[in-house]
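Engineer: Return a 3D structure for these sequence lines:
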Amino acid sequence: MKRRVSCMLMLAATFVTPHVFAQASAPVAASAVTNPVDPAAVAALQKMGAYLQSLKRFSVSTEVTGERVLEDGQKLQHTATAKLDVDRPYKIRTVLSSSRSEREIIFNGKEVTLYTPAQKYYSTVALDGTIATLIDKLHDNYGMEFPLADLFVWGTPNAPTDQFESAMYAGQDYIGSTLCDHYAYRQKDLDWQIWISTGANPLPHKIVITRRDDDARPQSVSILDWSTHAAFNDSEFTFRPPAGAKKIEFVPVTNKG
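Structural biologist: Below is the predicted model:
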C-alpha cells in the first residue's frame with residue numbers, strides 16, 4: 001500500500017520536527033479581518049529567539065509524535081525522541097531514538113561523526129565551523145535535516161518575520177508545570193503553534209506543526225524539556241570508536257543542479 005510522506009521529516013529513519021523556516025516565502029498580504037498579523041505575536045518570537053541565542057551551554061530533549069498518512073487517509077502515529085547537548089558555538093552532541101533505530105551526531109567544530117550503536121557503524125568527515133555551519137552542510141551536502149534546527153535559527157538574521165499570513169496570541173496553557181503563552185502562525189503550506197514560557201526566560205516548550213499542502217493535514221507535536229545550566233566535558237564532543245565499531249563512508253548526495 002502506498003504511503004504519503006507525513007509532516008515529520010526523517011533523519012536516518014528517525015522522525016524529527018520539520019523546520020518552520022525551511023519553507024519561508026515572499027510575504028503574503030493578510031486580511032485585516034480574517035488573517036491578521038499581530039505584531040505582538042511576531043515580537044514574542046523575536047524575544048524568544050534573542051534569549052535562545054544568549055544561551056551558551058544547554059541541554060534540550062524532545063519527545064516527538066508524528067503522523068504517517070496511508071493512501072486511504074488513515075493516520076498512523078509514531079513517536080521518537082531527541083536529546084541535544086550544546087556548547088556554543090562549535091560543539092554539539094545529538095542522540096535520536098525511535099523504535100526502529102538510534103543515531104548519534106557528534107560535532108566539535110573540526111569534524112562530525114554519525115554513529116549507529118546497534119550496528120556499530122560510524123562515519124567521520126572533516127567539517128570546520130560552527131553549529132550553524134554543521135546544520136547547513138548536513139542539509140546541503142548530505143540531504144539531512146538536523147533535529148530542532150530552528151532553535152539555532154530563531155534570533156538570527158536567517159529567521160524572517162515577514163512571511164506570515166497570520167499570527168495571533170491564543171492565551172495561556174501549562175506545559176507540564178510551566179506556564180506558557182500560546183501563539184499560532186500561518187505561512188505558505190504550514191500552520192504552526194508554539195508555547196513559550198512566561199517570565200524572563202522565554203523558552204519554547206511545545207511546538208505543533210500542521211501541513212496544509214496535504215489534504216489529510218498531517219501533524220507533528222514536539223514537547224521540549226530544558227536544562228539551561230548544563231556542564232560538559234570536552235570528551236563528550238569527541239567520538240572514540242568503541243571496540244568492534246566499523247568505519248563506513250559518509251557519501252554526499254548527488255548534486256542535481
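Engineer: Go ahead and report the secondary structure state at the residue lying closest to L151 once chain neighbours are set aside.
Structural biologist: With sequence-adjacent residues excluded and distances taken as Cβ to Cβ, 6 or more residues apart in numbering, L151 is closest to L52, at 5.9 Å. C-betas here are computed from N, CA, C, even on glycine. Local secondary structure at L52 is given as helix here, using DSSP: H, G, I helix; E, B strand; the rest coil.
Engineer: And H205, how close does it get to A118?
Structural biologist: 31 Å (Cβ to Cβ, to the nearest Å).
Engineer: more crowded one of the two?
Structural biologist: When H205 is set against A118 and neighbours are counted by other Cβ atoms under 10 Å, the residue ahead is H205, at 22 against 9.
Engineer: if I pick the more buried one, what's in contact with it?
Structural biologist: H205 makes contacts with I175, G176, T178, C180, W195, I196, S197, I223, L224, D225, W226, as judged by Cβ atoms under 8 Å, 6 or more residues apart in numbering.
Engineer: And A170, by the same measure?
Structural biologist: H182, Y183, A184, Q193.
Engineer: between those residues, which has the most around it?
Structural biologist: Ranked by neighbour count under the definition other Cβ under 10 Å, those are headed by Y183 with 23 neighbours.
Engineer: Quickly list what it is bridged to.
Structural biologist: Residues found in beta-bridge contact with Y183 (criterion: DSSP bridges) are Y169, I194.
Engineer: you'd agree it is up against G171?
Structural biologist: No. With contacts defined as Cβ atoms under 8 Å, Y183 does not count as touching G171, sitting 9.6 Å away.
Engineer: circling back: pretty sure the residue nearest to L151 contacts L203?
Structural biologist: Yes. Applying Cβ under 8 Å as the test, L52 and L203 come out as touching, 7.5 Å apart.
Engineer: Quick check: end-to-end length of stretch 205-225?
Structural biologist: Start to finish, the residues bounding stretch 205-225 are 7 Å apart (Cα to Cα, to the nearest Å).
Engineer: quick one: that stretch to chain centroid distance?
Structural biologist: Counting by Cα atoms, centre = their mean, to the nearest Å, stretch 205-225 is centred 12 Å from the centre of its parent chain.
Engineer: Buried ones in that stretch, by neighbour count?
Structural biologist: Of the residues in stretch 205-225, those scored as buried under the neighbour-count criterion (16 or more other Cβ atoms under 10 Å) are 205-211, 216, 218-224.
Engineer: which residues of the protein score low on pLDDT?
Structural biologist: 1-35, 254-257 (pLDDT under 70).
Engineer: Need the residues that contact stretch 218-231.
Structural biologist: Taking Cβ under 8 Å, 6+ apart as the rule, stretch 218-231 contacts 4, 6-8, 15, 17-18, 55, 57-69, 75, 85-86, 148, 175-176, 201, 203-211.
Engineer: Only the buried members of those: can you turn that into a PyMOL selection?
Structural biologist: Selecting only the buried members of the contacts of stretch 218-231 in PyMOL, with burial defined as 16+ other Cβ under 10 Å, works like this:
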select buried, resi 6+7+8+15+17+18+55+58+59+60+61+62+64+65+66+67+68+69+85+86+148+175+203+204+205+206+207+208+209+210+211
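Engineer: which SS class is L138?
Structural biologist: helix.
Engineer: Buried by neighbour count: which residues of the helix or strand in which I196 is found qualify?
Structural biologist: Assigned by DSSP states H and E, I196 falls within strand 190-197. For strand 190-197, a neighbour-count test (16+ other Cβ under 10 Å) marks L190, D191, W192, Q193, I194, W195, I196, S197 as buried.
Engineer: Outside of that strand itself, list whatever touches it.
Structural biologist: Outside strand 190-197, the residues that touch it by Cβ under 8 Å, 6+ apart are 18, 20, 23, 44-45, 48, 170, 173, 175, 178-186, 202-212.
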